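**Q** any chance you could fold what I've pasted below:
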Amino acid sequence: MSEASLSTTGCELPPRLRQAILQARKSSEAPMAAFFYDLDALAHHADEMYAALPEGVELYYAIKANSETPVLETLASRVDGFELSSGGELSRAASCATPRPWLLSGPGKLDSELEEAIKRGVSAIHLESLNEIDRLAVLARRLDQVQPVFVRINPALPEAYATRLNMAGRATPFGIDESELPEAIMRIEACDHLVLKGFHIHAMSHQADSTRHAALIAHYLERWPVWRALARYPERLTHLNVGGGLGVDYVHGRHFDWPALCTEVATLRNAMTAPPVVRFEVGRFLSAFCGYYVMEVLDRKTSHGEHFLICRGGTHQFRLPPAQGHDHPVLHLPRQVPPTDEAGRRWSVVGQLCTPKDVLSRGRELGGVSVGDLLVLPLAGAYGYNISHADFLCHPRPRLHFLPVESTGPVNERSLAAVSEAGP
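**A** Residues are numbered from 1 along each chain as shown. Here you go, the predicted model:
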């Protein structure tokens with residue numbers, strides 16, 4: 001395959017990634033459908049995010065975005081902890097070579113998951129219902145363990161904070177309504193084996209505007225003294241988990257302004273008399289940029305005036321584009337220098353599935369695409385393969401390739417210190 005120039009949409013393929021793709025293709029005779037994860041880029045991005053954190057602000061990684069072991073190992077020394085949402089994620093986090101503080105959240109937790117979390121020393125459990133409070137109290141008492149907990153609040157929010165995917169501020173399965181917060185705190189305080197350490201609110205996902213997100217956090221911090229005052233011992237409440245929800249712009253490539261958000265949060269905390277430790281639990285915005293999905297073109301055709309590139313793989317391996325409802329950016333890696341006679345033709349990039357919904361991108365302008373060329377879909381490091389219906393039609397699963405961390409980078413001493421500190 002030649003090193004011909006790429007036809008890109010908003011981003012370029014890093015040289016070492018291109019080399020890895022070409023090398024992997026040489027080692028296999030089958031048409032390619034594979035994920036490539038650049039762990040060096042992941043490490044660099046995480047280091048930059050961590051360096052922007054002000055005093056009194058923590059960064060956890062929500063591993064639901066991508067819980068592959070090399071991803072966890074890369075991030076372990078670069079974040080303050082991991083956010084988990086199932087027993088399976090608990091097992092994955094436990095297998096990580098670098099121990100991390102964990103927290104367990106999410107609705108519908110099993111008693112077996114809660115018990116396993118307590119036994120493994122989870123630093124905090126986020127309680128999502130009054131019933132879950134009572135169940136955890138019984139388990140903690142039976143195990144004779146004092147378990148730190150957060151209450152996840154579903155607060156009343158102004159309509160101005162609505163977004164494409166709301167997790168709170170309206171009827172959802174997540175958290176305890178703000179009106180029930182006094183009852184929730186009372187039940188926790190009635191159990192000697194539970195200790196309330198703070199609150200958790202995650203209202204908006206896919207947030208694109210840092211100013212708007214800062215305004216939401218400002219609203220949380222305004223409510224913090226009111227919520228904290230409901231406790232019998234308010235001084236024990238130290239943390240406010242504000243969730244994640246930082247968006248990735250898959251269409252236009254605009255970047256969420258993380259440093260600006262951190263600066264605004266620092267200003268908000270400095271204006272408070274007794275500010276909480278603010279904890280972010282970021283998933284997509286940490287891992288999305290390191291991943292690439294590579295598909296080999298199997299066929300090309302025109303139907304009713306629309307041009308199609310039929311590729312190895314499809315949405316059963318990379319479900320993100322239809323799940324998000326967008327046309328994903330596509331990079332073209334040709335086998336030969338492409339001819340110029342088709343420059344400007346618009347293609348719909350589809351997979352092998354027997355459904356018209358198997359579309360990853362429509363109207364993608366690519367010049368001179370031939371059977372045997374590779375198409376590379378960037379921004380595939382989060383909520384891609386791990387949310388896909390991989391067994392549909394019994395196609396083989398994609399290969400996963402991990403490019404190692406090469407740069408040493410700064411060691412996050414504060415992050416590593418969190419391993420030995422007792423805290424929520």
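**Q** quick one, phi/psi of the most centrally placed residue in the chain?
**A** In the chain, the centroid-proximal residue (C-alpha atoms, centre = their mean) is residue 283; its distance is 2.3 Å. Per-residue torsions, residue 283: phi -120, psi -80 (degrees, to the nearest 10).
**Q** for it, give its distance to residue 58.
**A** Going from residue 283 to residue 58 by C-beta to C-beta, to the nearest Å gives 15 Å. (C-beta placed from N, C-alpha, C; glycine too.)
**Q** please apply the same query to residue 259.
**A** From residue 259 to residue 58 the distance is 16 Å (C-beta to C-beta).
**Q** more neighbours, the two?
**A** Per other C-beta atoms under 10 Å, whichever of residue 259 and residue 58 has more neighbours is residue 58, with 21 against 13.
**Q** who does the more buried one form a beta bridge with?
**A** Note on residue 58: beta-bridge partners residue 279, judged by DSSP bridges.
**Q** so it sits against residue 82, correct?
**A** No. Counting by C-beta atoms under 8 Å, residue 82 is not a contact partner of residue 58; they are 11.9 Å apart.
**Q** check which helix or strand residue 323 maps to.
**A** Taking DSSP states H and E as the criterion, residue 323 maps to helix 320-324.
**Q** can you list the buried residues in that helix?
**A** 320-321, 324 (16 or more other C-beta atoms under 10 Å).
**Q** ok, stretch 88-105 next?
**A** The neighbour-count check on stretch 88-105 (16+ other C-beta under 10 Å) flags 89-90, 92-93, 96, 100-105 as buried.
**Q** max-length strand in the protein?
**A** Assignment by DSSP state E gives strand 291-303 as the longest strand of the chain.
**Q** now the angle from the helix or strand following it to strand 291-303?
**A** For strand 291-303, the following helix or strand on the C-terminal side (DSSP H and E) is strand 306-311. Relative orientation of strand 306-311 versus strand 291-303 (axes from the mean of the first three to the mean of the last three C-alpha atoms, to 10 degrees): 130 degrees.
**Q** what packs against strand 306-311?
**A** strand 291-303, strand 346-350 (3 or more C-beta pairs under 8 Å, 6 or more residues apart in numbering; DSSP states H and E).
**Q** partner strands of the helix or strand just after the shortest one, with direction?
**A** Beyond strand 346-350 in the direction of the C-terminus, DSSP H and E gives the next helix or strand as strand 359-365. Strand 359-365 pairs in its sheet with strand 346-350 (antiparallel), by DSSP bridges.
**Q** in the strand it pairs with, what's buried?
**A** For strand 346-350, by 16+ other C-beta under 10 Å, it's 347-350.
**Q** mean confidence score for stretch 183-194?
**A** The predicted model assigns stretch 183-194 a mean pLDDT of 98.
**Q** gap between the longest helix seen in the chain and the chain center?
**A** For the chain, the longest helix by residue count, based on DSSP state H, is helix 210-228. Its chain's C-alpha centre lies 22 Å from the corresponding centre of helix 210-228 when counted by C-alpha atoms, centre = their mean, to the nearest Å.
**Q** only the buried residues of it, if you could.
**A** Using 16+ other C-beta under 10 Å as the test for burial, helix 210-228 gives 210, 213-214, 216-217, 219-221, 223-224, 227-228.
**Q** and if you look at stretch 369-386?
**A** Quick answer for stretch 369-386 (16+ other C-beta under 10 Å): 369, 373-385.
**Q** did I read that right, residue 82 in a helix?
**A** No. Assigned with DSSP: H, G, I helix; E, B strand; the rest coil, residue 82 falls outside any helix and is strand.
**Q** on that earlier part again, other SSEs contacting the longest strand of the chain?
**A** Looks like strand 291-303 contacts helix 15-26, strand 33-38, strand 306-311, strand 374-377 (3+ C-beta pairs under 8 Å, 6+ apart).
**Q** output that strand as CSV, nothing but the C-alphas.
**A** Extracted as CSV, the C-alpha positions of strand 291-303 are listed here (Å, rounded to 0.1, in the frame of the first residue of the first chain):
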residue,chain,number,x,y,z
GLY,A,291,-9.3,5.3,19.0
TYR,A,292,-9.7,4.5,15.3
TYR,A,293,-11.9,2.0,13.5
VAL,A,294,-10.4,0.7,10.2
MET,A,295,-12.6,-0.9,7.5
GLU,A,296,-11.5,-2.3,4.2
VAL,A,297,-13.7,-1.5,1.2
LEU,A,298,-15.2,-4.7,-0.2
ASP,A,299,-17.5,-3.2,-2.9
ARG,A,300,-18.7,0.0,-4.4
LYS,A,301,-22.0,0.6,-6.1
THR,A,302,-24.6,3.2,-7.1
SER,A,303,-28.3,2.7,-6.2
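**Q** partners of that strand in the sheet?
**A** strand 33-38 (antiparallel), strand 306-311 (antiparallel), strand 374-377 (antiparallel).
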